[in-house]
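Undergrad: quick one: sequence plus predicted model below, questions after.
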Amino acid sequence: MSPAIALPVTAGFSRLGEENAFAVLARATQLQRQGRDIINLGIGQPDFQTPAHIVEAAVKALREGHHGYTPANGLLALREAVAVDLARRFAVDVSPELVMIVPGGKVTMFMAILMFGEPGADILYPDPGFPIYRSMIEFTGARPIPVPIREENGFAFSADETLALLTPATRLLIVNSPANPTGGVTPKAEIDRLVAGLARWPNLAVLSDEIYGQMTYDGLAHQTLLAYPEMRDRLILLDGWSKTYAMTGWRLGYSVWPAALYDNARKLAVNSFSCVNAAAQHAGIAALQGPQDAVAAMVSEFDCRRKLVVEGLKRLPGVSCRMPKGAFYAFPNFSETGWKAKALASSLLEEAGVAVIGGPDFGVFGEGFIRISYANSPDNISKALERIDAFLRRRNAVE
Ligand code: PLP
C-alpha cells in the first residue's frame, strides 16, 4: 500500500467558490443522457449561433496562418476596433493602449480582484450578483461586503446604500448593470449619484461589469461608467463578445484599464494565458467591424421572450415577477409559495424536468427568488412554465 499523501494547497482554495449554473448544466445533461426530457433555463448563454461572418473570419485567419502568439494585451487591430466601437456606442474617447484583450469577461474580474484583494481589504460586490465576484474576493483573503440589490428598487443598485458601505478599508467596488441574475438596469440618475458620491473616496477602484450593455429593452439606453471623465483614472470596464455576439465558447473579452493599472493587467496576462487565441481575436475584429443586425435581431427576440416568460410567471400560484429591463434573465419571487429557493430549483429539475438556478446561488439576498434564463425557444419557455405550474399546483395540493 502506498503511504497516504498530503498535498497542502494554499489556504485560499478552501474559500474558492464556484458557479452553480455549471453544476446544474452538468446535472441536466446527466438526466438527459438517462432519457429524461429536460428544458434548460439555467445556463446564461444565448441559444443562437455566432453570426456566420464572424465564424468565417476565424476560419480565414487560421487558413492564412495566424497560428502564433499575439501580443499579450491583444492584437493592436482588435484593440483599435474596440476603441472605435466604444466611440460609436457611447461617444467616448478610449485609447487602444488602455484596452486589454482577455479570454472571456470573467478574466477581467479575476485580474481586478487579484489586484485589490488581500487580507485587511474590503471589496464591495452586488448581492444577488454574479457568484464569481464573491468567490474570488474570498480567495484573495479580502472581506466580501455585499451591496444588497433590492426587488423594490427594480433590482437597480442604490447609490446611497452603496456609498454608505464604503470605509477607508474598501479597495474595490464592483457594479453590474444590466445585471445578472436579476435583469435589473440601474437608471442614469442613480449612477450620476454614485459617481458624485465617489468624489469623497478618491483612492477607490471601481470595476464596472457591463457585459450585458447591449441587451436593454423598452428603448432604455445603457449608461456606461466610461462616460464619466472623473471616473476614468480609477475605472476598470469589463465587457466582451460572449453575450452580444453569442460567442461564449470562444473565450474572448476585453477590459479598459486606468493607465496606472494597465501594466499590472498586462503582466498578469504574461504570467498566465500569454495571449488570447489568435483566430478568436480575428473573429472579434469581424464582430465589431461587420454588420450589427444580428445583435439587434437577437435582442429583439429576447425582448419577445422576456414578455412571454414574465406573463407566464405571473400566472403561477404565489409567484410575482418584475419585468427585467436588461440581460436575458427573469428573477421571479417565489417566497409566497413557501418554498426555499434552492430546494425549489432542485425539485423543479429532478421532478418537473426544468433547470433553473436558486437565488441563493447568487448571494444571501437571493433567497425567495429563482433565476430563469430565457435564452431558450418560446416553445420551450411555454412548456417549462406549464411544467412549473403543474408542479406547484400538485405540490400545493399534497401539502
Ligand atoms: N459578468 C457577468 C455579469 C456574467 O453574467 C458573465 C457570464 O455569465 C460574465 C461576466 C462572464 O462572461 P464570459 O463568459 O465572457 O467570461
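TA: The structure has been received and is ready for your questions.
Undergrad: closest residue of the stretch 201-350 of the chain to the ligand?
TA: residue 242 (3.4 Å; CB to the nearest ligand atom). Glycine gets a C-beta too; all of them are placed from N, C-alpha and C.
Undergrad: dump the residue contacts of that residue.
TA: Shown in contact with residue 242 (CB atoms under 8 Å, 6 or more residues apart in numbering): 45, 104-105, 211, 248, 250, 252-253.
Undergrad: restricted to helices, list these.
TA: residue 105 (DSSP state H).
Undergrad: about what we covered before: sec struct for the residue of the stretch 201-350 of the chain closest to the ligand, please.
TA: Recorded secondary structure, residue 242: coil (DSSP: H, G, I helix; E, B strand; the rest coil).
Undergrad: give me phi/psi at it?
TA: As for residue 242, its main-chain torsions (degrees, to the nearest 10) stand at phi -50, psi -50.
Undergrad: that one and residue 25: what is the separation?
TA: 15 Å (CB to CB, to the nearest Å).
Undergrad: residue 283 is in what secondary structure piece?
TA: helix 278-289 (DSSP states H and E).
Undergrad: can I get the contacts of residue 242 in a markdown table with pLDDT, distance to residue 378 and neighbour count?
TA: Output for the contacts of residue 242, formatted as a markdown table (pLDDT from 0 to 100; distance: CB to CB, whole Å; neighbours: other CB atoms under 10 Å):
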| residue | pLDDT | distance to residue 378 | neighbour count |
| --- | --- | --- | --- |
| 45 | 87 | 17 | 16 |
| 104 | 97 | 29 | 21 |
| 105 | 96 | 27 | 26 |
| 211 | 98 | 24 | 25 |
| 248 | 96 | 21 | 18 |
| 250 | 98 | 26 | 25 |
| 252 | 98 | 29 | 25 |
| 253 | 98 | 29 | 24 |
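Undergrad: and which of the contacts of residue 242 is nearest residue 97?
TA: Of all these, residue 97 sits closest to residue 253, with 17.9 Å by CB to CB.
Undergrad: all strands of this protein, in order?
TA: 39-40, 99-102, 122-127, 143-148, 170-176, 205-209, 235-240, 253-256, 329-330, 354-355, 357-358, 370-373 (DSSP state E).
Undergrad: just checking, what packs against the fourth one?
TA: Strand 143-148 makes packing contacts with strand 122-127, helix 131-140, helix 159-164 when contacts are defined by 3 or more CB pairs under 8 Å, 6 or more residues apart in numbering; DSSP states H and E.
Undergrad: nearest to the ligand among those would be which one?
TA: helix 131-140 (7.4 Å).
Undergrad: how about the closest one: buried residues?
TA: 131-140 (16 or more other CB atoms under 10 Å).
Undergrad: can you list the weak-confidence ranges in this protein?
TA: Scanning the chain with the threshold set as pLDDT under 70 gives 1, 397-399.
Undergrad: got the CA coordinates for the helix holding residue 283 in CSV?
TA: Output in CSV follows, covering the C-alpha atoms of helix 278-289 (Å, rounded to 0.1, in the frame of the first residue of the first chain):
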residue,chain,number,x,y,z
ALA,A,278,-5.2,34.5,-32.4
ALA,A,279,-8.1,33.2,-34.6
ALA,A,280,-10.7,34.3,-32.0
GLN,A,281,-9.1,37.7,-31.9
HIS,A,282,-9.6,38.0,-35.7
ALA,A,283,-13.2,36.9,-35.2
GLY,A,284,-13.5,39.7,-32.6
ILE,A,285,-12.4,42.3,-35.2
ALA,A,286,-15.1,41.0,-37.7
ALA,A,287,-17.7,41.1,-35.0
LEU,A,288,-17.1,44.7,-34.2
GLN,A,289,-16.5,45.9,-37.7
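Undergrad: residue 336: which of the strands of the chain is closest?
TA: When these are compared (using CB to CB), the closest one is strand 370-373, at 13.1 Å.
Undergrad: centre of the chain to that closest one, how far?
TA: For strand 370-373, the separation from the chain centroid amounts to 13 Å (computed by CA atoms, centre = their mean, to the nearest Å).
Undergrad: pairing partners for that strand, with directions?
TA: strand 329-330 (antiparallel), strand 357-358 (antiparallel) (DSSP bridges).
Undergrad: give me the contact list for the last one.
TA: Contact with strand 357-358 is made by 20-21, 24, 42, 181, 341-346, 366, 370-371, 373, as judged by CB under 8 Å, 6+ apart.
Undergrad: now for the residues you listed, which pair is the farthest apart?
TA: That would be 343 and 373, which, of these, are the farthest apart (CB to CB) at 19.7 Å.
Undergrad: doesn't residue 316 make contact with residue 388?
TA: Yes - with contacts defined as CB atoms under 8 Å, residue 388 counts as touching residue 316 at a distance of 6.2 Å.
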